[in-house]
Structure formats: C-alpha cells, structure tokens
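**Q** Whatever this is, show me its structure:
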Amino acid sequence: MVPTAAAVFGLTCQWNQGAMNISWTPQSSSDYYEVQLAVNATADPFVVHSTAGDSVVVDSLLPSRKYYVTMRTHAADTPSLGPGTWGQPADRVVCESGADAAPQRTKYARADTKLLEVMRESEYTYEVDYLMNHNSGTIEADAAFASLGAGKPDKKSPWNITFYNATFTLYCVEMLKVDVPDTFSTGGNTSYSDYMSCNDNHNATDPQCICDNWIDRILSKVNPDGNCHDSRGNNCTYFTGMKDCTCTCSQESLDNSNKYIGMMPVYMDPKDDYCYGQWFSHPKPTECDDDEEVGAARADGSVCTWKRHREARVVKGWQVLDNGFNTSHARKLDPARALQNTKAFLKSFADAPLQQWACEDTASILV
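**A** I've put the predicted structure just below:
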C-alpha cells in the first residue's frame, strides 16, 4: 500500500479565520517544501505554495470547496529548485474551505521596492522549476514566444518538453528599486540590469546565467556585431549564431546582472518595431530567503534584491490550448495572434478555483 501524504509528511489542514492552514512534519533530508492544490485526486495542480518552513497559510481559496492537497520535498544541499532536486508528490488529502473565506491579503511593495508579475515555462521538466538562475517574461512576451514554437503541440522542444504538457507558472516578485547606469539590453530602462541568458549550460539541475546570447540580442534589437563572435573571430550570423557563437559583456554589466533582475524588450522580428513585452533574468546569488526582506544586507556584504511571493499559479499547455491558443504555424508572428494567445493564458489562469490573482496593475485583466 502506498502511504498517503498525511502518513509520510504528517500533512494536515485546518480552516481558521477565513484561510487554510496547512502544516507538516519537517523532513531531515529536506530544506524546502512545495504544497500543491488540485481539483481532484489526479488533476494537475493549479497553485503551489513554497516555503522553507513547516506550514503555509493559503488565503486565496473560494468558500465551501474541496481541495486536494499534497506536497513534495526538496533535497537539501542541491544547487537549485529545478529538475533532479525534488522528491515525488505523495498521495493527496482532501481539505475543505469554510463558508467564511476571507479576501486574499493584498501584496504590497514598500517605497523602495516594486512588484513584478512574471510567467515562466518550465524547462527540462513538467514540474514547476522556479526562478533562480532562470529567465521569465511578461505573459504577453512569453505567449508571443510560445506562438512561434507551438505549431506541433506534441513535438518536443529544444528544452525536452512538449507544449501540450508544458508547465507555465505565474509569479509575483518583489524587487528592489535600483538605478543601473550604462545598460545595453534594457532599451534605456535603468530600473533593471542587463538581461542574462540562463539555463543553457546543459545541466538543468544547476542552471547558470551568462552574458546574453546572440539570439536574445537579435530579439531585443541589440546589435550583436563586435560583441558576438564565432570560433574564427568573425561576427556571428544566422548560420552560426545558434551553434558557434560567444558573446561578451563588460565586467560591470555582469556584476550588475548578478545582483539585480535583468530585462530585455522582446520584438521577435528585428525588422519590426512592435514590442511584445519583456523578458527577465533572475540571479540566484541575490534571491531573498524566506526570512529576508528585500534589500536586506547579509553578513558577507551582499544584499538580497528580489523575492518570490510564496503563492504561484500554474497552468498546463493543454489548458491553454483548450482556451483558444492559436497554433497556426507561420514564420512571422503578428500582434493579433500574440494577443489571442495572451488571452488564452489569462483565461487559463483565471479558470482556477481561486480568488482573483493580483500583482501590480497587470493583474486586473485576470478576470
């Protein structure tokens, strides 16, 4: 008999003052936990709560509903929250919300911080793989990128996943307000550092971020000539840019990108002036821990500059397809198709049996 989550982890849930309190017994081999909620015993989870502690308070539930809850544990001393670092979720237990569900607590930024809503498609896994040393984007930008690669939803992408089963996670990030001078990838926006290309080091368990690569520069309309070269020392081209090309950044740019969230505008077609949104890079060294406030100084002199809110919403590719994602394959992306597919993502996130998502003004369209 397979033990249940309650038996393995001591997982319990209790409705209290309009919210669900979920707790468990800490595991000696684990340093982080992910609680998952689903609509039944076999459905894909639609929301996760992550923490280094032994409990979470889920305050986004609807009244008088059954939720199926489980948890997976993260192996201590592993280098990321990505594939190869988690155990399998155990069987689910049923938790019921009360009739007195309280409104979800509003996410606030301080005067020296701001909130940023980002979406990420997990790579090399069908589970949530989080943000540290990973890239993310606005929903619009990621929907545009997905529009170019989802022509065959059952075909595996270069990241070893199919669009049909892909996992898309919506996060709310609190980030330190900064003024970063002399950036080249941000389109003149000094609130971010230069964008870094992440998870291209062929080890998804220990992803690394590097000076942004040739294709990312092309998509952000940054001229790569002079800073991106093939093995012969020539400027990279469309024939060499994806296989034989190394780009360089100044040490100052790299230092800032390893401190602060990086950003690039996304154009998709360098000959087109239509911007589909932004992509972001999230440096692992400065992600705040659970017990750190954004901007906190550490004993080693560093400062944590960004932090995920514990709750993240999750949808699968098949749900986005069911909600009208347009998979028509065309070499050139047009804004109308990108907008249609953005709306498919928004509808999919909004379909979850949860209170309305809120993170910055963009969240108001999740209805």
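
**Q** hey, let's count contacts and neighbours off CA atoms from now on
**A** Noted.

**Q** Make sure T190 is actually in contact with N256.
**A** No - counting by C-alpha atoms under 8 Å, N256 is not a contact partner of T190; they are 11.4 Å apart.

**Q** Tell me the residues that contact both of those two, please.
**A** With contacts taken as C-alpha atoms under 8 Å, 6 or more residues apart in numbering, T190 and N256 have V180 as neighbours in common.

**Q** Give me the secondary structure label for the residue nearest to P83 when sequence neighbours are not counted.
**A** Distances taken as C-alpha to C-alpha, 6 or more residues apart in numbering put T205 closest to P83, at 5.4 Å, once the chain neighbours are dropped. Three-state call for T205 (DSSP: H, G, I helix; E, B strand; the rest coil): coil.

**Q** Give me the pLDDT value at T205.
**A** pLDDT for T205: 98.

**Q** any idea how far it lies from N199?
**A** Going from T205 to N199 by C-alpha to C-alpha, to the nearest Å gives 9 Å.

**Q** what does Y164 give?
**A** Taking C-alpha to C-alpha, one finds Y164 at 21 Å from N199.

**Q** what does K307 give?
**A** 20 Å.

**Q** quick one: which of those two has more around it?
**A** K307 (24 against 20; other C-alpha atoms under 10 Å).

**Q** Could you pull up phi and psi at that one?
**A** phi -150, psi 130 (degrees, to the nearest 10).

**Q** So it sits against D291, correct?
**A** No - the pair K307 / D291 is not scored as a contact, 10.5 Å apart, by C-alpha under 8 Å.

**Q** who's in contact with the residue nearest to P83?
**A** 79-85.

**Q** For these, which ChimeraX command selects only the ones that are buried?
**A** Burial among the contacts of T205 is assessed by 16 or more other C-alpha atoms under 10 Å; the matching ChimeraX selection reads:
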select :80,81,82,83,84,85
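
**Q** Which single one of the contacts of T205 is nearest to G301?
**A** P79 (21.5 Å; C-alpha to C-alpha).

**Q** And the closest residue to that closest one other than its chain neighbours, how close does it get to G53?
**A** Nearest residue to P79, sequence neighbours excluded (C-alpha to C-alpha, 6+ apart): D206, at 5.5 Å. D206 sits 23 Å away from G53, going by C-alpha to C-alpha.

**Q** Over to N16?
**A** Distance from N16 to G53, by C-alpha to C-alpha: 19 Å.

**Q** For the closest residue to A75 other than its chain neighbours, list the residues it contacts.
**A** Of all residues not flanking A75 in the chain, S30 sits nearest, at 4.7 Å (C-alpha to C-alpha, 6+ apart). By C-alpha under 8 Å, 6+ apart, the contact list for S30 reads 73-76.

**Q** Would you list the buried entries among these?
**A** If we count by 16+ other C-alpha under 10 Å, the contacts of S30 have these buried: 73-75.

**Q** Out of the helices and strands in this protein, which is least certain?
**A** helix 5-9 (a mean of 64; mean pLDDT, DSSP states H and E).

**Q** Sheet-wise, list the partners of whatever helix or strand comes next after it with their directions.
**A** Counting by DSSP states H and E, the next helix or strand C-terminal to helix 5-9 is strand 12-16. Paired strands of strand 12-16, with direction, are strand 19-23 (antiparallel) (DSSP bridges).
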